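Student: Provided below for reference: sequence and predicted model.
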Amino acid sequence: MYYFEKNGNYLYKYKVNIDKIKLLELRRKIIDNCSEISNEEVISEKEPSRLENGFERRCIFKENESNKYSYLVYKYPYLVELIDRLLNNDNFAFQELNTLNVEKIKDINKFKKEKLLNDLEHIDDLDPDNKVKKYHELKELQKSIKLNENQKSIIPYYEEVKSLLKPKLIGCFLYDEILRFVNFLELDVNKLFVNVIEEDKNTLKLTKNKEEE
């Protein structure tokens, strides 16, 4: 996978080497350790598909002779999507991974619990229906917390993924010279470089139309 970076007056070309075998192993580890687990039931004439887009079902069992199936659902963290994009040579996944502020990633269950407790505190006693509803939501959240008590934080895995990506500088040219050469050959820049990401006034990245492994 290649990416281009304009810095100052120069356009730099990098090749990113990816250890795909280790990245796939880490992907599986992240799914097992960091997915959000929920318990669900469905009525169906056949067993539900075990794999869907962004989650998988585990421990599926059918109740007696009925069509009711119960299972655990593992909802993948967003990092799994980034890994899939990296494995498909998506330069923007690489750029996003390196600019993402992982410190802003929050414990969703903790946030929900704090919000529910705050809502309960401010519900008027003359509104019992709403209070019962919030208590029910809190009870369901406690179940979710219990299911996920052994799951790990996703934050350290971002650095592990980065460690498997090795950018190597291939070379650089004066940016204005490249533009003059492209114009001289009457080439369409949009066909050579599909996307332009402007991170700030001094830096932009260009992504090739066809990536090399």
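Tutor: On my side now, so go ahead. Numbering: from 1, shown residues only.

Student: next, name the residue at the spatial heart of this protein.
Tutor: Closest residue to the average C-alpha location of the chain: Tyr78 at 2.2 Å, with Cα atoms, centre = their mean.

Student: got a pLDDT number for it?
Tutor: Here the pLDDT value assigned to Tyr78 is 91.

Student: which secondary structure elements does the longest helix seen in the chain sit against?
Tutor: In the chain, with assignment by DSSP state H, the single longest helix is helix 128-147. Helix 128-147 is packed against strand 36-43, helix 108-122, with contacts defined by 3 or more Cβ pairs under 8 Å, 6 or more residues apart in numbering; DSSP states H and E. C-betas here are computed from N, CA, C, even on glycine.

Student: how about a cut-off of 6 Å?
Tutor: Applying 3 or more Cβ pairs under 6 Å, 6 or more residues apart in numbering; DSSP states H and E, one finds that helix 128-147 makes contact with helix 108-122.

Student: ok, back up a step: tell me which residues of the longest helix of the chain are tucked away?
Tutor: 134, 137, 141, 144, 147 (16 or more other Cβ atoms under 10 Å).

Student: what's the average pLDDT for that helix?
Tutor: On average, helix 128-147 scores 74.

Student: same check, this time on stretch 49-63
Tutor: On average, stretch 49-63 scores 88.

Student: not counting its own residues, what contacts it?
Tutor: Under the contact criterion Cβ atoms under 6 Å, 6 or more residues apart in numbering, stretch 49-63 has outside partners 48, 69-76.

Student: turn the residues you listed into CSV, including neighbour count, secondary structure and distance to Leu164.
Tutor: Output for the contacts of stretch 49-63, formatted as CSV (neighbours: other Cβ atoms under 10 Å; DSSP: H, G, I helix; E, B strand; the rest coil; distance: Cβ to Cβ, whole Å):
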residue, neighbour count, secondary structure, distance to Leu164
Pro48, 13, coil, 33
Tyr69, 18, strand, 37
Ser70, 14, strand, 37
Tyr71, 20, strand, 32
Leu72, 15, strand, 29
Val73, 17, strand, 28
Tyr74, 19, strand, 22
Lys75, 14, strand, 24
Tyr76, 20, coil, 18
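
Student: pLDDT-wise, what's the bottom of those?
Tutor: pLDDT across these is lowest for Pro48, at 87.

Student: who touches it in this structure?
Tutor: 42, 57, 69.

Student: quick one: which of the residues you listed is nearest Glu159?
Tutor: Of all these, Arg57 has the smallest distance to Glu159: 29.9 Å, by Cβ to Cβ.

Student: mind checking the SS state of the closest one?
Tutor: Assigned with DSSP: H, G, I helix; E, B strand; the rest coil, Arg57 falls in the strand class.

Student: who does it bridge with?
Tutor: Judged by DSSP bridges, the bridge partners of Arg57 are Val73.

Student: can you count the residues close to it?
Tutor: By other Cβ atoms under 10 Å, 19 other residues sit near Arg57.
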